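# Can you look at this prediction? I've put the sequence above it.
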Amino acid sequence: MAARKITIAIDGPAGVGKSSVGRALAVKYGLGFLSTGEMYRCLGWKALNRGLDLNDEESVYRAAKDIKWDFERAPDGSLKVLVDGIYLGDKLLADEVGQAASQTSALPKARAVVMEKQIEMGRAGGLVMEGRDIGTVICPQAPIKIFLTASAEQRARRRVLQLRGKGREADYEELLASIKARDRRDSSRAISPLKPAQDAVIIDTSDLNLEQVIAAAGARVDAVLRPQTPRPAYTGLYKLIYNLLKLSFRAYFRLFCKTDIKGLENIPLSGGLIIACNHLSNFDPPLAGGFTELKRDSVYFTKKELLGWPLLGLVFRSPKFIAVDRKRAGGDLSSLKAALKAVKSGNSLFIFPEGTRSKTGRPGRAKQGVGFLAYYSGAPVLPLKVINTDKLPFTRRVGLTVGKPFTMKPDETRPAKEQLQEFADRIMDEINKLD
């Protein structure tokens, strides 16, 4: 996929660094950058300039229809928005313009006019677009969707530092209340509510600096832009047996168990991915793998002993499985490299971080192997949690929860070998947080 033709959608609430991250990605990949909020400010300015009643939908709609949009690309890729041939610049930063933008953008007909122009630009490609509804409404076809988030408290602290850095007074409690109020409005509004797209990668920036956020977003872009080289196709008898088993187990869980499946919409539909699941019993692969494959196929990291199973050994010898020799001293590096290659080639890799089933029903510690894969691939990790499978077939109630994908940034100042277990532990922590 050529970078110059793609559209990257970045969404999230105020104060999470969307513009800074968007500009950085635009520079790195040679794309234009558009902050869609600036277009709504332009509409607010236009309505004020005409002296309109900001609650008069028809007059604001006509003003929106009359705008002649032009865009000039700056050296850093940012698109300067021109209204009727005029670059408004700092005029758009005035408080009254911001308030007017908030009012006029809430008018459905006027907002639709601005959105129409944004949709046109998103389809043309070659652009990083940031806003609050890019991935869900403006450009749902974008191959790369990133949703940035952070706690309201952290965003308020950042805003205080920003304002005080400009020599302006800032009250933390007032800013916090304002941010929480805006979050409620944005997420509950009827038109284009703020929410992540189903296939967006969610990056929580609360405890990350700007460089770390840019690195995490860039890793997602790289995972999609790399030429995807799927593993060799599994065909013939391999495919027949595997698909029959998958359908049989899925039918068993649906018909004979009270199976609670949550979060399948969190599975990214493209790009390299590490699916990490806790391990309670032999029922885990057909439950977790069978249902996640409703969204996308995976390659499975499995123990070498399964190759000797009667009949099923045929399936485990197929290209869908990477067999690891758990008895090899120092670890099976060749299998890890094969798994790493699969992820870097755009495949989804399914792995049990603990390396073996829990004998107590309680989570064990993750092996360094999953940390190795996450560290060197830079791919997002999707946490999964299976529930009660260790009690089958004596229970009818089992569950599978799919969490939100997340990425981790290596610390370049420390040796990689010191960080592999930390990466593995973080992955296991994310699994354990699921219910």
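Nice, thanks for sending it over.

# Need the three-state assignment for L79.
For L79, the assignment made with DSSP: H, G, I helix; E, B strand; the rest coil gives strand.

# which residues does it contact?
Contacts here follow CB atoms under 8 Å, 6 or more residues apart in numbering; on that basis L79 touches G32, F33, L34, F71, E72, R73, L127. C-beta here means a position set from N, CA and C on the backbone, and glycine is covered the same way.

# Look up the closest residue to V402, ignoring the ones flanking it.
Once flanking residues are discounted, V402 sits nearest to G263: 3.3 Å by CB to CB, 6 or more residues apart in numbering.

# how many neighbours does the one you found have?
17 (other CB atoms under 10 Å).

# contacting residues for it?
Per CB under 8 Å, 6+ apart, neighbours of G263: T401, V402, G403, K404.

# Would you mind listing where the protein has pLDDT under the threshold?
1-4, 226-238, 307-308, 310-317, 327-331 (pLDDT under 70).

# Of the contacts of G263, which qualify as buried by neighbour count?
Among the contacts of G263, the ones that count as buried by 16 or more other CB atoms under 10 Å are T401, V402, G403, K404.

# What is the most widely separated pair among these?
With CB to CB as the measure, no two of the buried ones among the contacts of G263 lie farther apart than T401 and K404, at 10.8 Å.

# Got phi/psi on K195?
Backbone torsions of K195, given as degrees, to the nearest 10, read phi -160, psi 150.

# going forward, begin numbering at 44 instead of 1
That works, and once the first residue is 44, the last one we named lands at K238.

# Now do the strands in the stretch 294-443 of the chain.
Here the stretch 294-443 of the chain has its strands, by DSSP state E, counting those that start in this stretch, at 301-305, 316-320, 342-346, 364-367, 391-394, 424-430, 440-445.

# Just put the ones you listed in CSV and tack on distance to M451.
Below are the strands of the stretch 294-443 of the chain laid out as CSV (distance: least, CB to CB, whole Å):
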stretch, distance to M451
strand 301-305, 24
strand 316-320, 10
strand 342-346, 18
strand 364-367, 22
strand 391-394, 15
strand 424-430, 7
strand 440-445, 18
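
# Tell me the secondary structure of the most far-flung residue of the chain relative to its centre, please.
Distance from the centre of the chain peaks at G94, with 42.0 Å (CA atoms, centre = their mean). Following three-state DSSP, the label given to G94 is coil.

# Surely A262 and G421 touch.
Yes. Counting by CB atoms under 8 Å, G421 is a contact partner of A262 at 3.8 Å.

# quick check: longest helix of the chain.
helix 279-299 (DSSP state H).

# buried sites along the helix or strand harbouring A224?
Using DSSP states H and E, A224 maps to helix 215-231. Within helix 215-231, the residues that count as buried by 16+ other CB under 10 Å are L218, L219, I222, R225, D226, D229.

# What's the separation between the last one and I162?
From D229 across to I162, the span is 20 Å (CB to CB, to the nearest Å).

# that older thread, what touches both of A262 and G421?
T450.

# which ones are touching C85?
Neighbour list for C85: I110, V124, V126, L131, L135 [criterion: CB under 8 Å, 6+ apart].

# can you list the domains in the chain?
46-268, 279-476 (automatic domain parsing).

# center of this protein - which residue?
Central residue of the chain (CA atoms, centre = their mean): V244, at 0.3 Å.

# Can you pull the phi and psi angles for that residue?
phi -90, psi 130.

# check contacts around it.
So V244 contacts K188, I189, F190, R263, P311, P423, P448, T450 (CB under 8 Å, 6+ apart).

# Could you measure from it over to R200?
25 Å.

# Would you mind giving the buried ones among the contacts of G306 as a markdown table with distance to T179 added?
Formatted as a markdown table, these follow (distance: CB to CB, whole Å):
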| residue | distance to T179 |
| --- | --- |
| T444 | 23 |
| V445 | 19 |
| G446 | 20 |
| K447 | 16 |
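
# which among the residues you listed gets closest to E196?
Out of the buried ones among the contacts of G306, the member with the shortest distance to E196 (by CB to CB) is K447, at 20.0 Å.

# State the helix or strand in which the closest one lies.
Short version, using DSSP H and E: K447 is in no helix or strand.

# hang on, isn't it packed against I245?
Yes. Contact criterion CB under 8 Å: K447 and I245 qualify, at 4.8 Å.

# List the contacts of the residue lying closest to R440 once chain neighbours are set aside.
Spatially, and ignoring its direct neighbours in sequence, R440 is nearest to K301 (4.6 Å; CB to CB, 6+ apart). By CB under 8 Å, 6+ apart, K301 lies in contact with R439, R440, V441.

# now do A193
Contact analysis of A193 by CB under 8 Å, 6+ apart lists P56, G58, V59, D247, T248, S249.

# Give me the distance between the fifth one and D54.
This points to T248. Distance from T248 to D54, by CB to CB: 13 Å.

# Between those two, which contacts overlap?
Joint contacts of T248 and D54 (CB under 8 Å, 6+ apart) are L191.
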